[in-house]
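[1] got a sequence here, can you model it:
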Amino acid sequence: MLAVLWDMDGTLVDSEKLWDISMHALYARMGAVLTPEVRESTVGGSAETVMRIVYDDIGLDPDPVAMAESADWLHDYTGELFEQGLPWRPGAQEMLDSLTAAGIPMALVTNTRRELAERALNSIGRHYFSVTVCGDEVESGKPAPDPYLRAAELLGVSTAHCLAVEDSVTGTTSAEAAGCPVLVVPNDVEVPHGPHRRHVSSLTQLDVAELRAVYHSLNSQAGERTA
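    Down below sits the predicted model:
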């Protein structure tokens with residue numbers, strides 16, 4: 001394990017609850033009501049993916065200009081919520097501190113736009129991360145592998161030597177497609193089990209040595225499957 005690649009929303013910080021507020025506000029602005037099922041389908045998605053879901057759900061013409069304006073409004077609204085402070089997920093800050101002390105490089109890999117991610121980093125602390133990759137900086141956001149491939153490239157390591165930490169189906173799919181073993185810490189959305197991923201209910205259950213053990217276990221299983 002040469003690096004740890006972190007998702008942001010719902011994994012490091014409990015920002016999905018703030019996204020809930022802004023998504024409901026967007027729907028109210030459009031004269032519609034957001035259902036729990038549609039909200040769940042947007043978790044972890046890129047701005048473009050979320051807008052396609054929203055416009056299809058409401059039955060609006062998928063005009064690119066209108067969709068871009070809606071995405072901008074959503075991100076501005078969410079950014080104002082972020083400025084009020086982001087609550088940490090249990091054990092997340094402690095794990096960042098421990099990995100930093102152990103000298104293990106880390107990357108932030110998020111579908112969130114750069115402008116909004118920068119506002120979040122004001123709360124999280126950008127000093128933890130050697131590199132950050134945002135959804136508007138790659139050709140395709142999660143669930144495509146591009147964000148994780150880019151992060152590993154910037155760190156100068158193979159994705160097989162990185163452990164990704166995710167909370168959503170979208171993010172886990174992205175990390176696995178890039179070749180990363182994944183530690184899944186579910187938040188509001190259930191993530192199915194799979195051979196390339198290990199589930200824990202909270203980061204408080206692990207220290208750095210146990211994180212390494214999770215990585216080695218998943219990597220060994222991958223080696224056995226390809227042998």
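[2] mind listing what the residue nearest to Gly179 when sequence neighbours are not counted touches?
    Nearest residue to Gly179 in three dimensions, chain neighbours excluded: Thr159, at 3.9 Å (CB to CB, 6 or more residues apart in numbering). Heads up, the C-betas are built off the backbone N, CA and C, glycines and all. Applying CB atoms under 8 Å, 6 or more residues apart in numbering, we find Thr159 in contact with 148-149, 152, 178-180.
[3] could you dump those to TSV with distance to Asp136 and neighbour count?
    As requested, those are exported to TSV (distance: CB to CB, whole Å; neighbours: other CB atoms under 10 Å):
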residue	distance to Asp136	neighbour count
Tyr148	16	29
Leu149	16	20
Ala152	19	27
Ala178	18	24
Gly179	23	18
Cys180	21	32
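[4] enumerate every residue touching the residue lying closest to His199 once chain neighbours are set aside.
    Leaving aside its sequence neighbours, His199 sits nearest to Val184 (CB to CB, 6+ apart; 4.8 Å). By CB under 8 Å, 6+ apart, the contact set of Val184 is 166-167, 172, 191, 197-200.
[5] those residues in helices, which ones?
    Those of those mapping onto helices are Thr172, per DSSP state H.
[6] which intervals of the protein have sub-threshold pLDDT?
    222-227 (pLDDT under 70).
[7] give me the domain ranges for it.
    Using the TED database, the domain ranges for the chain come out as 3-14+88-224, 16-84.
[8] hmm, back to that, out of the contacts of Val184, who's nearest Thr11?
    Distances from Thr11 to the contacts of Val184, taken as CB to CB, are shortest for Asp167 (4.4 Å).
[9] sorry, back to before: most tightly surrounded among the domains of the chain?
    Most buried of the domains of the chain, by mean neighbour count (mean count of other CB atoms under 10 Å): domain 3-14+88-224, with a mean of 19.
[10] inside strands: which ones of the contacts of Val184?
    Members of those lying in strands (criterion: DSSP state E): 166, 197-199.
[11] can you give the distance from stretch 107-117 to the centre of its chain?
    Here stretch 107-117 is found 8 Å from its chain centre; the criterion is CA atoms, centre = their mean, to the nearest Å.
[12] restricting to C-alpha, output it in PDB.
    Listed next in PDB are the C-alpha coordinates belonging to stretch 107-117 (Å, rounded to 0.1, in the frame of the first residue of the first chain):
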ATOM      1  CA  ALA A 107      -5.100  11.900  -2.600                       C
ATOM      2  CA  LEU A 108      -8.500  13.400  -2.600                       C
ATOM      3  CA  VAL A 109     -10.600  11.900  -5.400                       C
ATOM      4  CA  THR A 110     -14.000  13.500  -5.800                       C
ATOM      5  CA  ASN A 111     -16.800  14.000  -8.300                       C
ATOM      6  CA  THR A 112     -17.300  17.500  -6.800                       C
ATOM      7  CA  ARG A 113     -16.200  20.400  -9.000                       C
ATOM      8  CA  ARG A 114     -12.900  22.100  -8.200                       C
ATOM      9  CA  GLU A 115     -14.400  25.300  -7.000                       C
ATOM     10  CA  LEU A 116     -16.600  23.600  -4.500                       C
ATOM     11  CA  ALA A 117     -14.000  21.100  -3.400                       C
END
